[in-house]
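Sequence and predicted model, in that order:
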Number of protein chains: 2
Amino acid sequence: MIKIAILGFGTVGSGVYEVLNKNRIEIAHNAAEEIEVKYIVDIRDFSGTEVESLVTKDFSVVESDPEVSIVVETIGGARIAYDYTKRALLAGKSVITSNKELVAKHGLELISIARERNLNYLFEASVGGGIPIISPITQCLTGNELDEIYGILNGTTNFILTSMVQDGASFEDALKEAQKRGYAELDPTADVEGIDAARKICILADLCFGKNVNPDSVGRKGISSVTLADVEYARRLGYKIKLLGRAYKMPLGRIAAYVAPHLISKTSLLSNVDGVMNGIVVHGNAIGECMFYGAGAGKLPTASAVVADIIDAVKHMKSRKYLGWDEAEEGYVVPASELVSRWYVRTGSGLKAIGEAFGDLRLISYPGEYPGAGPGEYAFATPEMSENELDEKLAGMDVRSKFRILD
Amino acid sequence: MIKIAILGFGTVGSGVYEVLNKNRIEIAHNAAEEIEVKYIVDIRDFSGTEVESLVTKDFSVVESDPEVSIVVETIGGARIAYDYTKRALLAGKSVITSNKELVAKHGLELISIARERNLNYLFEASVGGGIPIISPITQCLTGNELDEIYGILNGTTNFILTSMVQDGASFEDALKEAQKRGYAELDPTADVEGIDAARKICILADLCFGKNVNPDSVGRKGISSVTLADVEYARRLGYKIKLLGRAYKMPLGRIAAYVAPHLISKTSLLSNVDGVMNGIVVHGNAIGECMFYGAGAGKLPTASAVVADIIDAVKHMKSRKYLGWDEAEEGYVVPASELVSRWYVRTGSGLKAIGEAFGDLRLISYPGEYPGAGPGEYAFATPEMSENELDEKLAGMDVRSKFRILD
């Protein structure tokens, strides 16, 4: 019998409790041990509920109970969660988390504390919700040199973009609908501005390329500037607009790691990952390309990943899992503004200005065609160039949108 | 330093050797051990090649060498491979394989031998080539009760069907092209008739549902009867034809497990898995639906999975991986003819016969529309019924095609 504590009894924490109960028999069979929740730590009041007897506000009860061998941290944030995680590890308990902010910011330190004590710090649920992605990368693809990983890492923004593409909803209306359905927070900044996706691409890049990616070094552009005009122009070019987190190796040992809306080809599998679903593409020198798809958030899918990590920790009680990465040198992450791609641009400055800046190139549309575009509006696709080079050419122009094209 | 032997130096075996060399540094880092190929066992002559000094025709050299702790079996088939695998396990060596036939037929026995000796018998490469699927099922989704798994499990038939859908190639021409490109064997029976996919769905069902599925109990229908007319009628209905292996739980503890061409909706992600690629969908009660996509065959992708298993075996030298399933009771797999689904039917018997057999239903097309269809040809979709019920209704009619519809 393994006793565990759940820290934070919100959506994910209560989902973990629910899955542990619902699938008790399968889980005991798969872990070859029964798993019992001994404590739930939460500052809120749960009197009158079925978990009343398990709840404590005092983490030190868990910390000092030698019977508890695994702690599940689903508090979120990088303050209390950081404190409790560190204390749990120092008290000799393995920790399982769904907390992307904490892993992105302090994963390197927490893993090294876990390693020194022969404990596990596991975080499958921190990226892609229930989708198996951390284990595949760190275990199933270990025979490869991995050179690229990218994907739709945030379900809220994918729901919004899908509503814009499929239903012609404006960004504002789609956001409201997402909030109504509980997909988006009242303050949607972390999702909409790509902060959540940036944390996730950090963790993926950490694991794929072996060095620590500081979230502050990750260039970030959200989706609030995407308009229905852009959706329509992209469609004419055979593309859909998706918010991607992306990281890839560069020739001299540095890497790219950034989050931005991209035009991606409608013929790609990833472009068909719609609604709140996530899809993550990994490229390695033996496997080529593979993709992982599923629910990137939500109570039970996220709990599915947490519970799998609990089972894994039970099976690896005395043999640590090999997860980890090293410190990176200064300048390891190339600034996003230096990364080269083709670009989609929408401008109101007219043909003459475009021609003078870019020479001949492919126009996507003609003025007046898109409702409300106005007489001088054109959209076009540029050749490959960095954002810095692009901005130089666009200086002085009325730039309404510019997004990368994924080739 | 871990010493291994590779049995069978064909496409996969030589791919394993190539990947171990090419990614030597990453692999040593990930396994925390250097891995060296000490022997290659093959009856062919490799004199004059770089592996000459490693090759032996005599398996007993490997069997009796205590330095060899891991044996990689890429011989294929279930005779010599079975003999060598058993002997390797009995000699105390873990075995890694890409051999679906052997795992489907004798996996239960070989795993039990491995278990008794605290060894590993791993077979990630036996399903989905390089795609991580065995580990995700047995590790990342262990918190779920899994209730269904299905997918495109054979790249050769998917290439043929894709050529028919995208290029309008006939089955015969598409098969010839597949053979020319090396995707299909000179005798393509195992692929085209679904034998290969049946072995794979056995292994997946074994792992998902915990009991042994005998390949002989798996209903099998191949793609040789799919015509361009069917492709076109399916398209009008919003479907693509794909060969699926499929297994799901039934209410009273029995399961469905079969291979057959299906009409699948064009809006599903799986319908966009084209060419030689594979895609596998898993459904669990916590995660919902997730999908795994990638190259289902080929030298390096398959080697990628084998090498990951080698690394995993190195990391689990003293702690066996939890892979396995139990004996099943008689009648565990429901005969495919009893499984209920909607059906696509194409017949030359005319409207009157259709109406008398089925009453009112949705016609897909009208006579003469499809070139060469002939005056009495109609295609239609039926309500849900078993194949037995369908065949009863179709008795005496000129049935040109009948395929299941995946809902």
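It's in.

in which helix or strand would I find A:Leu119?
When elements are assigned from DSSP states H and E, A:Leu119 belongs to no helix and no strand.

For it, give me its contacts.
A:89, A:92-95, A:320 (CB atoms under 8 Å, 6 or more residues apart in numbering or on different chains). All C-beta spots, glycine's among them, are computed from the backbone N, C-alpha and C.

residue contacts, A:Tyr344?
Applying CB under 8 Å, 6+ apart to A:Tyr344 gives the contacts A:230, A:233-234, A:237, A:239, A:263, A:364, A:379-382, A:401-405.

Give the phi and psi angles for A:Gly284, as a check.
When read as degrees, to the nearest 10, the backbone of A:Gly284 gives phi -130, psi 160.

Could you give the bridge partners of it?
Counting by DSSP bridges, A:Gly284 is bridged to A:Leu146, A:Gly288.

ok, now how distant is it from A:Tyr332?
20 Å (CB to CB, to the nearest Å).

Which one of these two is surrounded by more residues?
A:Gly284 (27 against 19; other CB atoms under 10 Å in any protein chain shown).

per-residue confidence at the more buried one?
A:Gly284 carries a pLDDT value of 97.

swap in A:Gly324?
pLDDT at A:Gly324 comes out at 88.

mind checking the backbone torsions on the closest residue to A:Arg362 other than its chain neighbours?
Nearest residue to A:Arg362, sequence neighbours excluded (CB to CB, 6 or more residues apart in numbering or on different chains): A:Ala381, at 5.2 Å. For A:Ala381, the backbone dihedrals (degrees, to the nearest 10) come out as phi -110, psi 130.

For A:Ala381, give me its contacts.
A:Ala381 touches A:237, A:342-345, A:361-362, A:364, A:405, counting by CB under 8 Å, 6+ apart.

Tell me the bridge partners for it.
Per DSSP bridges, the residues bridged to A:Ala381 are A:Tyr344, A:Arg362.

ranges for the strands of the stretch 101-250 of chain A?
Assigned by DSSP state E, counting those that start in this stretch, the stretch 101-250 of chain A shows strands spanning A:121-122, A:146-152, A:219-220, A:239-249.

contact partners of the third one?
It refers to strand A:219-220. Residues outside strand A:219-220 that contact it (CB under 8 Å, 6+ apart) are A:193-195, A:198, A:257-260, A:335-337, A:339.

at 6 Å instead, please
Contacts to strand A:219-220, defined as CB atoms under 6 Å, 6 or more residues apart in numbering or on different chains, come from residues A:194, A:198, A:258-259, A:336.

and if you look at the last one?
Identification of contacts with strand A:239-249 by CB under 6 Å, 6+ apart yields A:147-150, A:152-153, A:157, A:161, A:165, A:197, A:200-201, A:205, A:223, A:226, A:231, A:234, A:255-257, A:259, A:261-266, A:271.

Give me the buried entries from those.
With burial judged by 16 or more other CB atoms under 10 Å in any protein chain shown, the buried subset of the contacts of strand A:239-249 is A:147-150, A:152-153, A:157, A:161, A:165, A:197, A:200-201, A:205, A:223, A:226, A:231, A:234, A:255-257, A:259, A:261-264, A:271.

Would you mind naming what in chain A lies close to chain B?
For chain A, the residues in contact with chain B (CB under 6 Å from any CB of the partner chain) are A:19, A:23, A:26, A:30, A:130-132, A:135-136, A:139-140, A:142-145, A:269, A:272, A:286-288, A:290-291, A:293-295, A:300-301, A:303-304, A:307-308, A:311, A:319.

Now do A:Val127 against A:Arg199, distance only.
9 Å.

So between these two, which is more surrounded?
For A:Val127 versus A:Arg199, the count of surrounding residues by other CB under 10 Å is larger for A:Val127: 30 against 27.

residues contacting the more buried one?
With CB under 6 Å, 6+ apart, A:Val127 has these contacts: A:133, A:200, A:203.

What's the per-residue pLDDT of it here?
On the pLDDT scale, A:Val127 gets 97.

Start and end of stretch A:390-405, how far apart?
13 Å (CA to CA, to the nearest Å).

Mind listing residues that contact that stretch?
A:230, A:260-263, A:341-349, A:353, A:357.

Just the buried subset of these, written out for ChimeraX, thanks.
ChimeraX command restricting the contacts of stretch A:390-405 to the buried ones, with burial defined by 16+ other CB under 10 Å:
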select /A:230,260,261,262,263,341,343,344,345,346,347,348,349,353,357
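
closest to A:Arg79 among the contacts of stretch A:390-405?
A:Ala260 (28.5 Å; CB to CB).

surely the closest one meets A:Lys221?
Yes: between A:Ala260 and A:Lys221 a contact is recorded at 4.2 Å, counting by CB atoms under 6 Å.

Distance check, the residue nearest to A:Ser94 when sequence neighbours are not counted against chain B.
Distance criterion CB to CB, 6+ apart; nearest residue to A:Ser94, sequence neighbours excluded, is A:Asn120 at 4.2 Å. From A:Asn120 over to chain B the distance is 13 Å, taken as CB to the nearest CB, to the nearest Å.

can you check A:Glu329 too?
As judged by CB to the nearest CB, A:Glu329 and chain B stand 18 Å apart.

That residue is in what secondary structure piece?
Counting by DSSP H and E, A:Glu329 is found in no helix or strand.

so what's it scoring on pLDDT?
96.

What's the local residue count around it?
Neighbour count for A:Glu329, taken as other CB under 10 Å: 9.

One more: A:Asp398?
14.

Would you check how far apart it and chain B are?
According to CB to the nearest CB, A:Asp398 stands 38 Å off from chain B.

Check that residue and give its pLDDT.
At A:Asp398, pLDDT is 96.

out of everything not next to it in sequence, what's closest to it?
Distances taken as CB to CB, 6+ apart put A:Gly348 closest to A:Asp398, at 4.1 Å, once the chain neighbours are dropped.

thinking that neighbour is in contact with A:Glu377, fair?
Yes: assessed by CB under 6 Å, A:Gly348 is found in contact with A:Glu377 at 4.9 Å.

Residues in contact with the helix-or-strand element of chain A with minimal mean pLDDT: which ones?
When the helices and strands of chain A are compared on mean pLDDT, DSSP states H and E, strand A:362-363 comes out lowest with a mean of 86. The contact list for strand A:362-363, computed with CB under 6 Å, 6+ apart, reads A:378, A:380-381.

Tell me which residues touch the residue nearest to A:Ser98 when sequence neighbours are not counted, please.
Ranked by CB to CB, 6+ apart and with sequence neighbours excluded, the top spatial neighbour of A:Ser98 is A:Ala125, at 3.6 Å. By CB under 6 Å, 6+ apart, A:Ala125 lies in contact with A:98, A:302, A:305-306.

mind checking how far A:Ala125 is from chain B?
Taking CB to the nearest CB, one finds A:Ala125 at 10 Å from chain B.
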